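Engineer: pasting the sequence and the predicted coordinates here, then a few questions.
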Amino acid sequence: MKRPVSYSVVLASALILTLPFAPMSLAAGANNPVSHTVVAVSGTAAPSGGNYAAFTHITLNARNQIAFDASLGGPSTSGVFVGDGPRTSTIALGGDPNPAAANFGFVSNSFITGHGNVVFDANFSDTFKHVGTVTVPVVQNGDPAPGGGTVTPTFHATNARGTIAYAAGLIGATATQGLFRTNGAQTVTIASDDRVAPTGGTFISFFSPTINDRGEVAFAAEMTGGPADFAVLRGDGADLVPVFVANQLAPGGATFQDFGDPAINRRGQVAADALLANGTSREGLFVGGRGDAVAIALDGQPAPKGGSYKPSFGAPLTLNDRGEVAFNAALTGGTSVRGLFRGNGRHTTVLALTGTIAPGTTGTFASFGDMKLGDDDRVAFIATLTPGVGGVDLSNNMGIWVGTSEADLRLVVRTGEVIGDKVLTRLPTVFGQFDMNDHGIVWIGTFPSRATAVVFSRTCGENDDIHDRDSNHRP
């Protein structure tokens with residue numbers, strides 16, 4: 001199973017940016033046009049001086065505010081910014097030449113909260129939060145740990161309120177590592193390797209925490225000295241509850257063996273990919289934690305539209321507050337080799353299948369990349385098209401689609417299209433460069449001469465109920 005990888009202040013007043021890309025609308029359906037707004041472009045002036053060189057990470061909140069990371073061409077080398085199209089503000093700079101500014105060597109991994117605050121990493125080990133005009137530390141290397149000792153943070157997740165769950169090594173404590181939750185003012189221990197695991201035995205490793213807006217943290221862990229070696233658990237600092245445990249019976253008749261990175265929703269439901277033993281299925285996707293666990297998809301189980309699932313449920317794993325999971329599955333025995341689906345354990349809906357016509361084109365789907373799942377059942381995803389079919393070649397073989405099923409799936413943008421006056425040549429191929437809210441989708445695109453841009457594609461129709469943001473919350 002996959003294991004987590006560690007990711008790696010100064011307020012500037014809002015500036016009006018004149019970009020060399022003009023906003024543009026294109027018809028994605030008679031009643032639902034898509035409009036593209038360019039937020040930032042490499043080679044253009046960044047707030048606080050210098051030019052944007054490239055963009056690496058973006059997040060989007062419900063108010064259409066976009067936080068993004070950029071490498072910069074002097075005088076600073078990296079920056080975190082918030083933009084909404086006409087205006088962009090500087091949140092933090094790495095290599096800031098201002099001697100009175102906070103000394104960040106490097107900034108990255110920005111996340112924008114529902115209220116427009118920005119959480120970001122600095123110097124590869126510290127995490128800060130920008131609130132209004134003030135930047136404050138959330139956790140830093142060497143901070144006191146609850147119960148004694150100090151922390152060395154490694155990786156973290158952030159919720160919409162700006163609270164983080166993080167893993168850390170410990171120095172000067174009875175534990176050597178732990179998982180913690182903090183809002184910068186109060187820190188609580190979720191789990192540590194000097195405590196008895198609720199499954200029995202003791203913890204020896206923690207992986208990939210994720211946190212919901214209630215402050216509940218879900219994570220995978222490895223244990224020793226008890227009946228199970230691996231488990232997925234959920235904790236809030238007071239209670240620690242096993243959700244899925246190795247060697248226990250899984251829905252569908254097999255037993256759990258090992259687990260991938262979990263996801264958690266506001267209700268405390270947890271989704272995870274699991275390896276299985278002692279049954280007909282070797283792998284499956286499950287949701288549990290509130291009521292009985294359910295199988296969303298099992299290797300060997302018939303898939304909608306023919307064939308069956310085979311081992312290899314691809315990342316990312318997405319879970320909404322309705323308990324539905326959108327997933328990428330390998331298929332066998334049918335006409336398609338992979339598909340995107342949305343399911344809740346009772347019903348499964350097809351979103352897209354390889355080899356079938358991609359809406360808005362005459363081409364066919366070839367592969368699927370990053371995707372996002374909304375609470376309204378919409379799924380947005382990046383896909384490639386098959387070269388040589390329906391006029392597709394390497395200049396127009398990538399796109400973004402959105403819909404609740406294959407019946408209402410529609411094209412948002414495709415390589416080869418002109419955005420403003422530039423031809424889009426590439427869409428994201430790595431995670432962290434694509435996000436969605438109820439109004440639209442934000443993405444990082446590549447254009448000729450390796451120029452890159454942060455683009456917001458508004459996908460709602462004219463009759464959709466959209467409320468303007470309070471100007472006091474704008475960057």
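Structural biologist: Cool, got the structure.

Engineer: residues contacting the residue most central in space within the chain?
Structural biologist: Centroid check for the chain by CA atoms, centre = their mean gives G432 as the closest residue, at 5.9 Å. For G432, the contact set (CB atoms under 8 Å, 6 or more residues apart in numbering) comprises T56, H57, I58. C-beta here means a position set from N, CA and C on the backbone, and glycine is covered the same way.

Engineer: apply 10 Å and report the result again.
Structural biologist: Listed by CB atoms under 10 Å, 6 or more residues apart in numbering, the contact set of G432 reads Y7, T56, H57, I58, T59, D69, N109, D370, I444.

Engineer: got it, and L353?
Structural biologist: 303-307, 331, 334-341, 364-365, 368, 406.

Engineer: what's around the nearest residue to G284 once chain neighbours are set aside, how many residues?
Structural biologist: Leaving aside its chain neighbours, G284 sits nearest to L298 (4.2 Å; criterion: CB to CB, 6 or more residues apart in numbering). Close neighbours of L298, defined as other CB atoms under 10 Å, add up to 25.

Engineer: L298 is in contact with P251, isn't it?
Structural biologist: Yes - counting by CB atoms under 10 Å, L298 does reach P251; the two are 8.3 Å apart.

Engineer: give me the common contacts of the two.
Structural biologist: Common neighbours of L298 and P251 (CB under 10 Å, 6+ apart) are G284, F286.

Engineer: and the contacts of G432, which of them are buried?
Structural biologist: Among the contacts of G432, those classed as buried by 16 or more other CB atoms under 10 Å are T56, H57, I58, T59, D69, N109, D370, I444.

Engineer: quick revisit: just the contacts of G432 now: which is nearest G95?
Structural biologist: Distance to G95 across the contacts of G432 (CB to CB) is lowest for D69, with 13.8 Å.

Engineer: can you tell me the SS state at that closest one?
Structural biologist: When classified by DSSP: H, G, I helix; E, B strand; the rest coil, D69 comes out as strand.

Engineer: residues contacting the nearest residue to it once chain neighbours are set aside?
Structural biologist: Leaving aside its sequence neighbours, D69 sits nearest to H57 (CB to CB, 6+ apart; 4.3 Å). Under the criterion of CB under 10 Å, 6+ apart, the neighbours of H57 are 7, 67-70, 80, 108-111, 120, 430-433, 435, 444.

Engineer: stretch 345-361: how far from the chain's middle?
Structural biologist: 22 Å (CA atoms, centre = their mean, to the nearest Å).

Engineer: and it, end to end?
Structural biologist: Chord length of stretch 345-361, first to last residue, is 32 Å (CA to CA, to the nearest Å).

Engineer: what comes up buried for that stretch?
Structural biologist: Under the neighbour-count criterion of 16+ other CB under 10 Å, stretch 345-361 has 345, 348-354, 357-361 buried.

Engineer: mind picking the two most distant members of those?
Structural biologist: Maximum distance among those (CB to CB): 32.6 Å, for G345 and T361.

Engineer: quick revisit: which strand or helix spans the residue nearest to the centre of the chain?
Structural biologist: Under DSSP states H and E, no helix or strand contains G432.

Engineer: and the pLDDT for it?
Structural biologist: Among the per-residue scores, G432 shows a pLDDT of 94.

Engineer: ditto for E462
Structural biologist: 39.

Engineer: can you check F111 too?
Structural biologist: pLDDT, F111: 98.

Engineer: ok, it touching A67?
Structural biologist: Yes - F111 lies in contact with A67 (CB under 10 Å); the separation is 6.4 Å.

Engineer: more neighbours: which of these two?
Structural biologist: Using other CB under 10 Å, the more surrounded residue of F111 and A67 is A67, with 28 against 24.

Engineer: so what's the more buried one up against?
Structural biologist: So A67 contacts 57-61, 80-83, 91, 109-113, 116-120, 130, 435, 442, 475 (CB under 10 Å, 6+ apart).

Engineer: cool, and R414?
Structural biologist: R414 makes contacts with 26, 358, 360-361, 363, 383, 385, 392, 396-401, 424, 427, as judged by CB under 10 Å, 6+ apart.

Engineer: swap in V392?
Structural biologist: When contacts are counted by CB under 10 Å, 6+ apart, V392 touches 358, 361-364, 366, 384-386, 398, 414-416.

Engineer: of those, buried ones?
Structural biologist: Applying 16+ other CB under 10 Å to those flags A358, T361, G363, T364, A366, T384, L385, T386, M398, R414, T415, G416 as buried.

Engineer: tell me the spacing between the second one and N328.
Structural biologist: So the one you mean is T361. As defined by CB to CB, to the nearest Å, T361 lies at a distance of 20 Å from N328.

Engineer: low-confidence ranges in the stretch 1-150 of the chain?
Structural biologist: The stretch 1-150 of the chain contains residues with pLDDT under 70 at 1-32, 98-100.

Engineer: and if we set it to 90?
Structural biologist: Scanning the stretch 1-150 of the chain for pLDDT under 90 picks out the ranges 1-33, 48-49, 74-75, 84-86, 95-103, 124-125, 133.

Engineer: now do the strands in it.
Structural biologist: 15-16, 24-26, 34-41, 51-60, 66-73, 78-83, 87-94, 107-112, 118-122, 126-131, 134-139, 150-158 (DSSP state E, counting those that start in this stretch).

Engineer: buried residues in the last one?
Structural biologist: What it means is strand 150-158. Buried residues in strand 150-158 (16+ other CB under 10 Å): T150, V151, T152, P153, F155, H156, A157, T158.

Engineer: chain center to the next helix or strand after that strand, what's the gap?
Structural biologist: Using DSSP H and E, the next helix or strand after strand 150-158 towards the C-terminus is strand 164-171. Distance of strand 164-171 from the chain centroid (CA atoms, centre = their mean) equals 20 Å.

Engineer: quick one, the helix or strand containing D370 and strand 51-60 angle?
Structural biologist: Assigned by DSSP H and E, D370 belongs to strand 365-373. Here strand 365-373 runs at an angle of 70 degrees relative to strand 51-60 (axes from the mean of the first three to the mean of the last three CA atoms, to 10 degrees).
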